[in-house]
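Asker: Any chance you could fold what I've pasted below:
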Amino acid sequence: MAKRGKKYLEAAKKIDRQRLYSPEEAIKLAKETSYANFDATVELHMRLGVDPRHADQQVRGTVVLPHGLGKEVKVLVFAQGEGARLAKEAGADYVAEDDELIKKIQSGWTDFDVAIATPDMMGKIGRLGRILGPRGLMPNPKAGTLVPAEDIPRAIKEAKAGRVEFRVDKGANIHVPIGKVSFTEKQLYDNMAAVVDAVKKARPAAAKGAYMRRVALAPTMGPGIRVDPNLAQAMEPPE
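Answerer: Take a look at the predicted model:
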């Protein structure tokens, strides 16, 4: 087991490992126990009562965080003609309408956070799979990043506003950023409630028994704080 540093151990003293905290208490502790010398991200971790080996028990979706992620989101759009024009007008940071930018990505360049594409570009994007896939940047209809040209402005706006994608991993876990340590407790609560609500709505019909088995919050540098799953599921997202 890795040896924990002094700052981590000091922060961990503030947390009762045996206790399940309310979302409000956990958010307060996440802010207090972050010991990074930068504005760290607060992450929400959930263990779900699903078996990801079965196709009918996959959990995946997107949610626009009410208060964003606290960082500038760089958006690249793969589009031609009208789609490219709309992307530029809507504030895309990069528009890949010819092979030049596609070749740049092939050589390993990925200085962007979200990639959006129109369906007619997928033939060209296919050869970027080994670069974009592992980084979670491959345009996908379920993630809201593969859209018809007329929907590009909306997709860019949502990405810039702080749309996050969630998907269950092989261990039935979901990991989603909900904001920065510098956010107010109310902002983090609203963002967490929005994610919990979206995950609840994505519950597969085939899932049996308790759905949210474990819930925890943790800053980038700081200990995990366990949250009462029942209280988490009762959170009300902002209107």
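Asker: and residue 204, helix, strand or coil?
Answerer: Secondary structure assignment for residue 204 (DSSP: H, G, I helix; E, B strand; the rest coil): coil.
Asker: list the contacts for it?
Answerer: Going by CB atoms under 8 Å, 6 or more residues apart in numbering, residue 204 touches 50, 56, 57, 58, 59. From N, CA and C alone the C-beta is placed, and that goes for glycine too.
Asker: Just among the residues you listed, which is most surrounded?
Answerer: Ranked by the number of neighbours (other CB atoms under 10 Å), these place residue 50 first, at 22 neighbours.
Asker: show me what contacts residue 231?
Answerer: Taking CB under 8 Å, 6+ apart, one finds 20, 22, 23 in contact with residue 231.
Asker: Apologies, that question was intended for residue 17.
Answerer: By CB under 8 Å, 6+ apart, the contact list for residue 17 reads residue 226.
Asker: Going forward, count from 17.
Answerer: In the new count, where the first residue is 17, that last one comes out as residue 33.
Asker: mind listing the strands for the chain?
Answerer: For the chain, the strands defined by DSSP state E cover 57-64, 76-80, 91-94, 110-112, 130-133, 179-183, 189-196, 228-235, 241-243.
Asker: So which of those strands is nearest residue 100?
Answerer: Nearest to residue 100, of all those, is strand 110-112, at 5.2 Å by CB to CB.
Asker: contact partners of stretch 159-179?
Answerer: Under CB under 8 Å, 6+ apart, the answer for stretch 159-179 is 76, 78-81, 83-85, 89, 91, 93, 95, 97-99, 102-103, 105-108, 129-135, 138, 155-157, 181.
Asker: okay, the helix or strand bottoming out on mean pLDDT in the chain in CSV with CA atoms only?
Answerer: Ranked by mean pLDDT, DSSP states H and E, the weakest helix or strand in the chain is helix 22-28, scoring a mean of 77. Output of helix 22-28 as CSV, limited to C-alpha atoms (Å, rounded to 0.1, in the frame of the first residue of the first chain):
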residue,chain,number,x,y,z
LYS,A,22,1.8,14.3,5.9
LYS,A,23,-0.8,16.6,4.3
TYR,A,24,-3.1,13.8,3.4
LEU,A,25,-2.9,12.3,6.9
GLU,A,26,-3.7,15.7,8.5
ALA,A,27,-6.7,16.1,6.2
ALA,A,28,-7.9,12.5,6.9
